[in-house]
Structure formats: structure tokens, C-alpha cells
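Q: turn this into a model:
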Amino acid sequence: MSYIIKGNTSDWEVVIGLEVHAQITSEAKLFSGAATKFGAEPNSQVSLVDAAMPGMLPVINAHCVAQAVKTGLGLGAEINLTSVFERKNYFYPDLPQGYQISQFLHPIVGEGIVVLDMPEGRREIGIERLHMEQDAGKSLHDQDPKRTFIDLNRSGVALMEIVSKPDLRSPDEVGAYLRKLRAILRYLGTCDGNMEQGSMRCDVNVSVRKVGETDLRTRSEIKNVNSMRFAMQAVVFEAARQVDLFEDGGDVVQETRLFDAATGETRSMRSKEEAHDYRYFPDPDLLPLEITQDYVDEIAATLPELPDAKQARFIDAHGLSAEDSGLLVADKETADYFEAVLAAGSDAKLAANWTIHELFAVLNREGLEIADSPVAAGDLGKLVGLIHDGTISGRIAKDVFEIMLEQGGDPETIVADKGLKQITDSGEIEALVDRVIADNPEEAQQFRDGNPKIGGWFVGQVMQASKGKANPGAVNALLKKKLG
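A: Predicted coordinates:
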């Protein structure tokens, strides 16, 4: 659904394209053997190539090439068997060469697609291209009141720039696209998707047009947004800003803008350079990159099951709803955890319910990632299995779960040690039901006189008398028989 902005004279829609810069998972940089570990001391991971020392020649990292091809395949994109590295010429203090080695006319990956499951239905967002390039260094402005320092640790780090087509139409779609792309990259293992550490960031291209128009108007580019929430906020502000300009008789200029997280606003940074201003030309130190179809096929054979395929399997093989399966596959670690729960012999629907509702609630409350879950997947699977086979009730399971959270331990051992096993003996349950009915004759008569709500009260009394261990189904059946 389009994000419609009501102006004074017209309704407007927003048109959005994203350029996502994803750091390739690699222990070495794109053209040197320098390390890429996050958080290292400034300028401690810089080779002579990264520092642009005279006479130092770049050498392509084959692993990074494989990761880019793998990503392209994961996006269902065309893989170009010939691609070319070019020099993108511009001056900036943290770019020691005076140019960035990138790909422009001949990228390694062509058109692909990302599928979004939106509330209003399926949306296909086109991928224009994926190209490899080296990252620049970092300017540090907050170390000294009068000087700027340069850290070249990131100089030469391998990036994939994944450029979408201008197919996105709302802030919600921007968030969904970034989440889906991040999930695909993490499933593939080609980028860790950590936006806080800068290994995934995006440039947001925004324009607006009157509803019904088909031509694109001038866009603004919001650079280096490092949060999905900020990207969505940037779209909201920028779209409104552009509509106000047009409605007041002005025009939008093509420019680069920055998003201010403190104010939720974008502000002008510089006029946008056109591609020819960068004076792209093939890098004379690097031959065209030639790969074979056999090489591509070998990488394709290693692809893991991706989120869409996994979600379809959860629906078809386990009978899960589209909503539940979507939540479980949205993150690779969550999907792996859930499959480990299933491997413990759990019922799939019950396992999904406990993972999504009980476990997620704890993780959200404690601010934990699922990798840091206080309950191991195998133990949750055992707990769900105890519910499914009737050993304990769902109510007792919650008590056991709390013990597992606080003290750890195997659920089967906890149930045995604390005598929590569900009462399934029909004679024992019948005796409890008879006693409760006998102790509450007035309530029993109310039920017989046509007040069905009293039935739930009786169930609660029997469960209380059994300390929650009576089988609820058996209790209900006996009460209906004896009260009827």
C-alpha cells in the first residue's frame, strides 16, 4: 500500500530506492591481507596497499568474490561472468588513494528480486545490481577540538553495494525490505548485518510525485543511515519536506542529505554529484574479473535454505500459520533455535507457540538475543514434549519454565523431583471432581439451572485441589457428565 501524503492541493506518493552497503564476511580486505576485525586500535589493521603507499598493487581477494556471487544467487539475480573494477575519483581525507576501487558499468551481479510479505499482500522489490567496492577510512572529529584524525582500519574493507529499483512506496516497506535483506545475508553468511557496527548501512533515495503520475521527480539521497528505524524516519521527514516544497511552488534539488537522529530531520550536506563527475575508468592495476559458469554452479550448490523456502516448509510440513512461520524464519538464529526445539521431539505447533509467546516474551523483557537464551533449545523441546504427551499440563509447564529460567536444569528432572507429573488416573480425578461438587451444592445447582459459566469455576476448583496436576481435559469431561 502506498504511503499517501495529503497536501493542500494534491495527494502525493513517495518513491524510494535503497543502496545498501553490506560488509562482506571475510577475515581479510578486498585487495590486501590486512585484518577486518571490528573494534581494533586505530590504524592497527592497515597494509601498505590500504594506505596507498607508492608502488603497492591491489590483489583481489577470491573469497570476497565468492561471497558476492553467493549473495547474488541468494537474491535470485543474474551473475555476470565478466565484471570490471573501476576507479571512482574523488577527494576526501580518509580516502588515501584519491579514488575508490568500485564497479560501475560492469558489476558482478545484475538484476534480482526481494520478496516482502506485507499486511496487504506480497510485494516484489527489484534489485538493480550488486557490485563490489572497497570501503574508505574514517574521519574522527571528536578526538580534539581543533584537529581531525584519520583511522584507516576500514580502508579497503570489502563491501557489496546492493542497489534496489525505485519500487518501495512506504516507510513500512523500507523497514521490511531491510529486515528481509539482512536476513538473507545472514542466512548466506555473506554479511553479519550488524548496523550498529557499520557492517550494514544504507543510502535512502527519496522522491515524491502526485498520485497518478508515472514519471519520477528529482530525488534526494540520505547518506549512511545505520538503523532500520532511522531509515523509516528519514523517509517520513524527507517525503513531507519535498511535498511542502512542491506545494509552495518550489522545487527539489538533487542533493546529498544527512539524517539527524536527535531531531528526526534530514539536512543538506552537498549537491549530488552525477556519475560522470567521478571520472570512472577501468582500474589499470586490475584485469577484468572473469569467472566461469561452473564456478557459479559450484557456489550455487552450497546455498543454504533461505527464509522464503524455510517459511514455506514450516507451513507445508509442520502446518504452521504464515504469520508464525514468518516470525520464526525472520532471523537465522531464531530459525535454527526453533529447528533444534523440533529435533528434541516436540509437536511443531506447540513448539512454535512456546517459542514465539513464552520465550520471546522473556528475551524481550531481558533485552537478550536468542543466542543468549537462558533456556537451551533442546530443553525447551523436552518441555514441549512433556506437554504434548500429557506428562504435565500447560499450567504446570509454565511453572517448570520459570524454574528453568531461574535455576536451569532439565525439565524432565524438574518434573520428577518436584512431583509435578500430571494426574491422568481417571479414578483419582473422579474422586477430586466428586469432592468439589459435594462441597459446592449451590454452585452445582446453578449450573444445572442453566448457568454454564459456573462450569469454568468448577474446573478451577478441581485444578486447585489437584495443585494444577489434574488433566484438564479429563476434568472437563467428568464435570459435564456429573453436573449434567
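Q: outside of the helix or strand hosting residue 65 itself, list whatever touches it.
A: Per DSSP states H and E: residue 65 is located in helix 62-74. Here helix 62-74 makes contact (CB atoms under 8 Å, 6 or more residues apart in numbering) with 22, 24-26, 28, 30, 78-79, 108-110, 112, 130, 132, 158, 160, 162, 184-185, 187-188, 190-191, 289, 291, 295-296, 299-300, 302-303, 306. (C-beta placed from N, C-alpha, C; glycine too.)
Q: buried ones in that helix?
A: Across helix 62-74, burial judged by 16 or more other CB atoms under 10 Å covers 64-74.
Q: give me the subset of the contacts of helix 62-74 lying in helices.
A: The members of the contacts of helix 62-74 that map onto helices under DSSP state H are 184-185, 187-188, 295-296, 299-300.
Q: would you list those in TSV and tack on pLDDT?
A: Listed next are those as TSV, based on pLDDT from 0 to 100:
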residue	pLDDT
184	98
185	98
187	97
188	98
295	98
296	98
299	98
300	98
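Q: just among these, which is most surrounded?
A: residue 185 (28 neighbours; other CB atoms under 10 Å).
Q: how much space between that one and residue 70?
A: 10 Å (CB to CB, to the nearest Å).
Q: whichever of the contacts of helix 62-74 end up buried, select them in PyMOL.
A: Here is the PyMOL command that picks out the buried ones among the contacts of helix 62-74, judged by 16+ other CB under 10 Å:
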select buried, resi 22+24+25+26+28+30+79+108+109+110+112+130+132+158+160+162+184+185+187+188+190+191+289+291+296+299+306
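Q: just the ones in strands from the contacts of helix 62-74, please.
A: 22, 112, 130, 132, 158, 160, 162, 289 (DSSP state E).
Q: quick check: closest non-adjacent residue to the second one.
A: I take that to be residue 112. residue 77 (2.8 Å; CB to CB, 6 or more residues apart in numbering).
Q: please give me every residue in contact with that neighbour.
A: So residue 77 contacts 109-113, 127, 130 (CB under 8 Å, 6+ apart).
Q: try it again with 10 Å
A: Counting by CB atoms under 10 Å, 6 or more residues apart in numbering, residue 77 touches 69, 71, 108-114, 126-130, 162.
Q: hmm, which two among those are most spread apart?
A: Farthest pair in these (CB to CB) is 69 and 126. Separation: 19.4 Å.
Q: show me what contacts residue 461?
A: 432-433, 435-437, 439-440, 443, 475, 479.
Q: could you check the pLDDT of the residue nearest in space to the middle of the chain?
A: Centroid-nearest residue in the chain, with CA atoms, centre = their mean: residue 179, separated by 3.7 Å. Residue 179 is assigned a predicted lDDT (pLDDT) of 96.
Q: make sure it is actually in contact with residue 228.
A: Yes. The pair residue 179 / residue 228 is scored as a contact, 6.5 Å apart, by CB atoms under 10 Å.
Q: what is in contact with those two at once?
A: Counting by CB under 10 Å, 6+ apart, nothing touches both residue 179 and residue 228.
Q: outline the domain layout of the chain.
A: Per automatic domain parsing, the structural domains of the chain span 4-299, 307-417, 426-483.
Q: excluding covalently adjacent residues, which one is nearest to residue 140?
A: Per CB to CB, 6+ apart, closest to residue 140 is residue 149, 4.3 Å.
Q: burial count for that neighbour?
A: Neighbour number of residue 149 under other CB under 10 Å is 15.
Q: can you give me every residue that contacts the residue lying closest to residue 58 once chain neighbours are set aside?
A: Excluding its sequence neighbours, the residue lying closest to residue 58 (CB to CB, 6+ apart) is residue 31, at 3.4 Å. Counting by CB under 10 Å, 6+ apart, residue 31 touches 47, 49-50, 56-61, 64, 85, 101, 134, 156, 158, 283, 285-286.
Q: drop anything exposed from the residues you listed.
A: Buried, going by 16+ other CB under 10 Å: 47, 49-50, 56, 58, 60-61, 64, 85, 101, 134, 156, 158, 283, 286, out of these.
Q: now do the same end-to-end measure for stretch 72-84.
A: 16 Å (CA to CA, to the nearest Å).
Q: where do the helices sit along the stretch 251-400 of the chain?
A: 293-300, 307-318, 322-329, 332-343, 348-353, 360-366, 377-388, 394-407 (DSSP state H, counting those that start in this stretch).
Q: what's the burial count for the residue lying closest to residue 7 once chain neighbours are set aside?
A: Spatial nearest neighbour of residue 7, chain neighbours left out: residue 247 (4.7 Å); criterion: CB to CB, 6+ apart. Residues lying near residue 247 (other CB under 10 Å) number 14.
Q: how about residue 476?
A: So residue 476, with other CB under 10 Å, has 16 neighbours.
Q: looks like it contacts residue 458 (just checking).
A: Yes. Assessed by CB under 10 Å, residue 476 is found in contact with residue 458 at 9.3 Å.
Q: find the residues that touch each one of those two.
A: Shared contacts of residue 476 and residue 458, counting by CB under 10 Å, 6+ apart, come down to residue 433.
Q: how about stretch 433-441 as PDB, C-alpha atoms only?
A: Extracted in PDB, the C-alpha atoms of stretch 433-441 (Å, rounded to 0.1, in the frame of the first residue of the first chain):
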ATOM      1  CA  VAL A 433     -14.500 -34.000  41.000                       C
ATOM      2  CA  ASP A 434     -16.900 -35.700  43.300                       C
ATOM      3  CA  ARG A 435     -15.500 -34.000  46.300                       C
ATOM      4  CA  VAL A 436     -15.600 -30.500  44.800                       C
ATOM      5  CA  ILE A 437     -19.200 -31.000  43.600                       C
ATOM      6  CA  ALA A 438     -20.200 -32.300  47.100                       C
ATOM      7  CA  ASP A 439     -18.600 -29.300  48.800                       C
ATOM      8  CA  ASN A 440     -20.400 -26.800  46.500                       C
ATOM      9  CA  PRO A 441     -24.000 -27.900  46.100                       C
END
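Q: how about the helix or strand hosting residue 178: buried residues?
A: Here residue 178 sits within helix 171-188, counting by DSSP H and E. Across helix 171-188, burial judged by 16+ other CB under 10 Å covers 171-188.
Q: pretty sure residue 409 contacts residue 401?
A: No. With contact defined as CB under 10 Å, residue 409 does not reach residue 401; the gap is 11.1 Å.
Q: pLDDT (mean, whole number) over the helix ranked longest in the chain?
A: When the chain is parsed with DSSP H, its longest helix is helix 228-247. The pLDDT scores in helix 228-247 average 96.
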